[in-house]
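In: Make a model of this:
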Amino acid sequence: MKKLLCAVFVVLLALGAKSQTAEPEAPYLRFPTIPAAKLLLADSSSYFTKEKLKKNQPTLYIVFNPGCEHCQHETKEITANIDKFKKINIVMATPESFDKMKAFYVEYKIKDYPNIIMGRDEHFTLPSFFMIHNLPFMAFYNKSRKLISTHEGSYGVTKILEELNKK
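Out: Have a look, this model is predicted:
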């Protein structure tokens, strides 16, 4: 009887230890559709929500930091190849200050690219939704607004387009 009680105790102890070390599943994996984030736009008075995206187009979400060199490089690469992104919604979001975002918006002439939406994630919705560790962070969605994949760090135009062309 003592052996049986010891065995049950060991099993319960192991299960308890395992449940405490398991990382919680990221919300974007439980809800693999475009997130409901409200972004303050560069005009400082209007907001972007996912309902404003053009329908039947793939969507690329980029979470960035205006001071991040990798984020700056990725933005330069995308804008230099914007003709390849004409039928893709690009949403660039930052939790950084509005002033830093606005300076980035002006420097990279984002207003010249109608398919790029840039806004400030005032409520830090996206970093927690995606459980982001590195920037730039990218989430790729298909035409049906379902998640294809995510990537942290620089990726390059060719790989971005390959991801967005996946079904």
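In: what does stretch 126-136 contact?
Out: Contacts made with stretch 126-136 from outside it, assessed by C-beta atoms under 8 Å, 6 or more residues apart in numbering, are listed as 26-28, 35, 37, 61-65, 68, 70-71, 74, 93, 95, 121, 137, 139, 150, 152-155. C-beta here means a position set from N, CA and C on the backbone, and glycine is covered the same way.
In: Just the residues you listed: which are in strands?
Out: Within the contacts of stretch 126-136, membership in strands is found for Tyr61, Ile62, Val63, Ala93, Phe137, Ala139, Thr150, Glu152, as judged by DSSP state E.
In: Could you single out the nearest of those residues to Thr49?
Out: Nearest to Thr49, judged by C-beta to C-beta, of those is Ala93 at 11.8 Å.
In: ok, now which ones touch the spatially closest residue to that closest one that is not a sequence neighbour?
Out: Closest residue to Ala93 apart from its sequence neighbours, by C-beta to C-beta, 6 or more residues apart in numbering: Asp121 at 4.6 Å. For Asp121, the residues meeting the contact criterion (C-beta under 8 Å, 6+ apart) are Ala37, Leu39, Val63, Ala93, Thr94, Pro95, Pro127.
In: thinking again about what came up before, adding distance to Asp83 as columns, could you present the ones in strands among the contacts of stretch 126-136 in TSV?
Out: Output for the ones in strands among the contacts of stretch 126-136, formatted as TSV (distance: C-beta to C-beta, whole Å):
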residue	distance to Asp83
Tyr61	21
Ile62	18
Val63	24
Ala93	23
Phe137	24
Ala139	23
Thr150	25
Glu152	27
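In: Thank you kindly, that will do.
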